[in-house]
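1. return atomic coordinates for the entry below.
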Amino acid sequence: MADFGNDAPLWGARWVGSAAGAAVSLVYMLPKGRREAASRFVTGLTCGIIFGGPTGVWIATRLDIIAFISRYEMTLAGSAAASLSAWWGLGVLMRAAERMKG
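-> Numbers count the residues shown, from 1 in each chain. As a prediction, this is how the structure comes out:
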């Protein structure tokens, strides 16, 4: 079992992975304005930091590579994936709400 304690490099991997996921999402689906970009970026960053560890463990387990990668790589990949997913999902929800509004 991976230890996701107060290890500074592990927190750095969470931050870097979350920011990378949000940046990739920015290129993938461009926001319509600054407000949408800011809210999606903050949401992606937050979700990447919070859910990065468990997401990384889940991905590594599903791919059966948990024995071959370090906990830093696992956290970095998990944070990026969680951030990317949250950022993209929020963008879809915001656009759907706009369409329903009129």
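
2. which elements pack onto the longest helix along the chain?
-> For the chain, the helix that runs over the most residues, judged by DSSP state H, is helix 71-101. Applying 3 or more C-beta pairs under 8 Å, 6 or more residues apart in numbering; DSSP states H and E, we find helix 71-101 packed against helix 8-28, helix 34-62. (Each C-beta comes from the backbone N, C-alpha and C, glycine too.)

3. save those helices as CSV, and put in mean pLDDT and mean neighbour count too.
-> Below are the helices and strands packed on helix 71-101 laid out as CSV (pLDDT from 0 to 100; neighbours: other C-beta atoms under 10 Å):
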stretch, mean pLDDT, mean neighbour count
helix 8-28, 89, 18
helix 34-62, 92, 18
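
4. one step back: how far away from the center of its chain is the longest helix of the chain?
-> 6 Å (C-alpha atoms, centre = their mean, to the nearest Å).

5. cool, and stretch 36-45?
-> The mean C-alpha position of stretch 36-45 is separated from the chain mean by 11 Å, C-alpha atoms, centre = their mean.

6. restrict it to CA atoms and write it as PDB.
-> Below are the C-alpha coordinates for stretch 36-45, written out as PDB (Å, rounded to 0.1, in the frame of the first residue of the first chain):
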ATOM      1  CA  GLU A  36     -15.000  30.100 -17.200                       C
ATOM      2  CA  ALA A  37     -11.300  29.500 -17.500                       C
ATOM      3  CA  ALA A  38     -10.600  30.500 -13.900                       C
ATOM      4  CA  SER A  39     -13.400  28.400 -12.500                       C
ATOM      5  CA  ARG A  40     -12.500  25.400 -14.500                       C
ATOM      6  CA  PHE A  41      -8.800  25.700 -13.700                       C
ATOM      7  CA  VAL A  42      -9.400  26.000  -9.900                       C
ATOM      8  CA  THR A  43     -11.800  23.100 -10.000                       C
ATOM      9  CA  GLY A  44      -9.300  21.000 -11.900                       C
ATOM     10  CA  LEU A  45      -6.400  21.900  -9.600                       C
END
